[in-house]
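Participant: Task: produce atomic coordinates for the following.
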Amino acid sequence: MDRSSKEKLVGDLHGALLAASCLVVTHQVGLDADEVTSLRRNMRAAGCSFKVTKNRLARLALAGTKFEHLSPMFTGPTAIAFSKDPVAAAKVAVEFAGKNDKLTIIGGGLDATKLDASGVKALATMPSLDELRGKLLGLLQAPATKVAGVLQAPAGQLARVFNAYATKGEAA
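Facilitator: You can find the predicted model right below:
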C-alpha cells in the first residue's frame, strides 16, 4: 500500500470515527472470508461498519476524535466496529462473538467514555435508539388512549341503557 492510499484510508476512517458515537475494538484471529463477509453484512444491516485495521493507521485515525484514549487497545490482530447508533455496533459484535470464538471483544468507547469488554457486553443488552423511541412514543400515546376510552364509556353506557329501554318497549 503506497503512502497516498494510506493517507486516504486514515482520512476516511478519521471522518467516520468523528461521526460515530460507538466504537468496539475486537481481536479477530482465524476468521475466514465467509465469516468476515457475514459479519460485515450483519453490521451493514444494523447501520454499522466493520473494518480490519492496521494498528498504526488506526491510531493515526483516532487522533483528534473522542475515541483517542482507546489507542492502547490497538495491539495484535485488531478490527473495529463503529456506528452512529450508540448500541448497534456493540449489539452486533457481541452477538457474533457469542457464536464465533474467533472474534474477541477487547473493549470500546461510547462517545468519550472508555468501556472494557464487560462494558461493551452490557451496552449490547440495552435497547437500540429506535426501540427506545418506540417505547417513549407508546408511553406518550397511552394516556391519550385511556382518556379517550374513559370519555367514550359514559356515552356507550347511555346508548346501551336506551337500547335496553327500546327493546323492552317493543316487547311490551
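
Participant: rest of the way, CA atoms for contacts and neighbours
Facilitator: Will do.

Participant: center of the protein, which residue is that?
Facilitator: For the chain, the residue sitting closest to the mean C-alpha position, by CA atoms, centre = their mean, is Ala88 at 1.8 Å.

Participant: my guess is that residue meets Ala124, correct?
Facilitator: Yes - with contact defined as CA atoms under 8 Å, Ala88 and Ala124 form a contacting pair (7.5 Å).

Participant: Give me the three-state assignment for the closest residue to Gly119 other than its chain neighbours.
Facilitator: Closest residue to Gly119 apart from its sequence neighbours, by CA to CA, 6 or more residues apart in numbering: Gly107 at 7.5 Å. Here Gly107 is strand, with the state taken from DSSP: H, G, I helix; E, B strand; the rest coil.

Participant: what's around Gly107, how many residues?
Facilitator: Neighbourhood size, Gly107 [other CA atoms under 10 Å]: 22.

Participant: Return the residues in contact with it.
Facilitator: Contact analysis of Gly107 by CA atoms under 8 Å, 6 or more residues apart in numbering lists 24-26, 73, 114-120.

Participant: Also Leu70?
Facilitator: The contact partners of Leu70, by CA under 8 Å, 6+ apart, come to 108-109, 114.

Participant: any chance of those residues in JSON lines, plus distance to Val94?
Facilitator: Formatted as JSON lines, the contacts of Leu70 follow (distance: CA to CA, whole Å):
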{"residue": "Gly108", "distance to Val94": "12"}
{"residue": "Gly109", "distance to Val94": "14"}
{"residue": "Lys114", "distance to Val94": "17"}
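
Participant: For these, which entry has the maximal number of neighbours?
Facilitator: The most crowded member of those is Gly108, carrying 26 neighbours; neighbours defined as other CA under 10 Å.

Participant: is it true that that one touches Leu23?
Facilitator: Yes - the pair formed by Gly108 and Leu23 meets the contact definition of CA under 8 Å, at 5.2 Å.

Participant: hang on, the earlier thing: quick one: which of the contacts of Leu70 is nearest to Glu131?
Facilitator: Distance ranking of those against Glu131, using CA to CA, places Gly109 first at 21.1 Å.

Participant: partners of the closest one in the sheet?
Facilitator: When bridges are called by DSSP bridges, Gly109 pairs up with Leu23, Lys114.
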